[in-house]
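**Q** Attaching a predicted model along with its sequence, questions to come.
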Amino acid sequence: MGMGHENLGNAYLYRFYKGVLQVYFGQVISIKGTCNNRGMFYVNEKGKSIGDKSFSVSEHEGAIYKGMIWLREENEKKAATLFRNYYLERYRDLKLKMTKIDNIIDILDWKYDTLMED
């Protein structure tokens, strides 16, 4: 490994692509010195490295980054659960933001109607 890189070992990468949960086997390399805890996942097939297939990932196992997650053990159910929880949290955050915006619009509509009566 080059300076500032650490081999985190073999792992399984999960990602959604065109509505399908894909899984790859490979190695995770941590890239030290990056402010966003970035790593690279290099795909291996049948013990051979595939040089042209790599993905930017979090250096932390189980953390979703760019729609991908890696785990040390093959566990599609765990990956699906982590994805579901991540997207459910994002959905709830967006729903809360939309509710706040709806309230602002309602207040402005009420205020505008009141101003028009004057």
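**A** Nice, I can see it.
**Q** Residue 62 sits in which helix or strand?
**A** Applying DSSP states H and E as the criterion places residue 62 outside every helix and strand.
**Q** got the buried residues for the helix or strand hosting residue 23?
**A** Residue 23 is located in strand 20-31, with elements delineated by DSSP H and E. For strand 20-31, a neighbour-count test (16 or more other CB atoms under 10 Å) marks 24, 26-31 as buried. Glycine gets a C-beta too; all of them are placed from N, C-alpha and C.
**Q** go on, stretch 37-48?
**A** 38-43.
**Q** Need the residues that contact that stretch.
**A** In this structure, residues lying in contact with stretch 37-48 by CB atoms under 8 Å, 6 or more residues apart in numbering are 8, 10-11, 13, 24-31, 49-51, 53-60, 63, 65, 68, 70.
**Q** I'd like to know which of the residues you listed are buried.
**A** 8, 11, 13, 24, 26-31, 54-55, 57-59, 65, 68, 70.
**Q** Run the chain-centre distance for stretch 88-98.
**A** Remark: stretch 88-98 is offset 16 Å from the chain centroid, using CA atoms, centre = their mean, to the nearest Å.
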